[in-house]
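Engineer: predicted model, plus sequence, below.
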Amino acid sequence: MPARRTADPVKTRAAVVALGEWLRDENRPAPERSALAEAVRLTARTLAAAAPGASVEVRVPPFVAVQCISGPRHTRGTPPNVVETDPRTWLLLATGLLGVDDAAASGALALSGARAPEIAGVLPVVPLGA
């Protein structure tokens, strides 16, 4: 089994900071797809490293899916605990610019399973501040 990919903290922070203005103001031009993909993948991998495990699957299509949160391991079929959102919402969550409860209440974040809300205890992974 190949080792999980990890994210370099310096590279992760730089990828997120590069998108900071867009994250704070959705009316700004969208970033290049490659820059968005890099920030999403690196922050998701940072989350997986900060909360190792395989109880919850975090999906940010089309860029990444990672497993995190310790507990019973899921190995086949649809995972019982899933967190899914779009790339911008994920980055807002990963940076602390948006809370899990607010994202879920707005419908931008789907949480399924009893353990999925535990993701809130691990975020943000790369705080940007207000």
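Structural biologist: Perfect, I can see it now. Numbering: from 1, shown residues only.
Engineer: buried residues, the helix or strand hosting L23. List them.
Structural biologist: Taking DSSP states H and E as the criterion, L23 maps to helix 20-24. Residues 22-23 are the ones in helix 20-24 that count as buried (16 or more other Cβ atoms under 10 Å). Just so you know, the C-beta spots here come from the backbone N, C-alpha and C atoms, and that holds for glycine as well.
Engineer: average pLDDT across that helix?
Structural biologist: Taken as a whole, helix 20-24 carries a mean pLDDT of 96.
Engineer: output it as CSV, restricted to C-alpha atoms.
Structural biologist: C-alpha atoms of helix 20-24 as CSV (Å, rounded to 0.1, in the frame of the first residue of the first chain):
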residue,chain,number,x,y,z
GLY,A,20,-6.7,34.9,0.1
GLU,A,21,-8.2,37.9,-1.7
TRP,A,22,-10.6,35.7,-3.7
LEU,A,23,-11.6,33.9,-0.6
ARG,A,24,-12.4,37.1,1.2
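Engineer: now the next helix or strand along the chain from it, how far from the centre of its chain.
Structural biologist: Downstream of helix 20-24, the first helix or strand assigned by DSSP H and E is helix 33-50. In terms of Cα atoms, centre = their mean, to the nearest Å, the centre of helix 33-50 is found 7 Å from the chain centre.
Engineer: likewise for stretch 86-100?
Structural biologist: 7 Å.
Engineer: and P29, how close does it get to L36?
Structural biologist: 12 Å (Cβ to Cβ, to the nearest Å).
Engineer: so which of these two has more stuff around it?
Structural biologist: L36 (19 against 7; other Cβ atoms under 10 Å).
Engineer: can I assume that one is in contact with P87?
Structural biologist: Yes. When contacts are counted by Cβ atoms under 8 Å, L36 is listed as touching P87 (5.5 Å).
Engineer: counting neighbours, what do you get for D8?
Structural biologist: 12.
Engineer: okay, it: pLDDT?
Structural biologist: D8 is given a pLDDT of 90.
Engineer: in space, what's closest to it - neighbours in sequence excluded?
Structural biologist: Nearest non-adjacent residue to D8, counting by Cβ to Cβ, 6 or more residues apart in numbering: L42, 7.8 Å away.
Engineer: contacting residues for the one you found?
Structural biologist: Shown in contact with L42 (Cβ atoms under 8 Å, 6 or more residues apart in numbering): 7-8, 11-12, 15-16.
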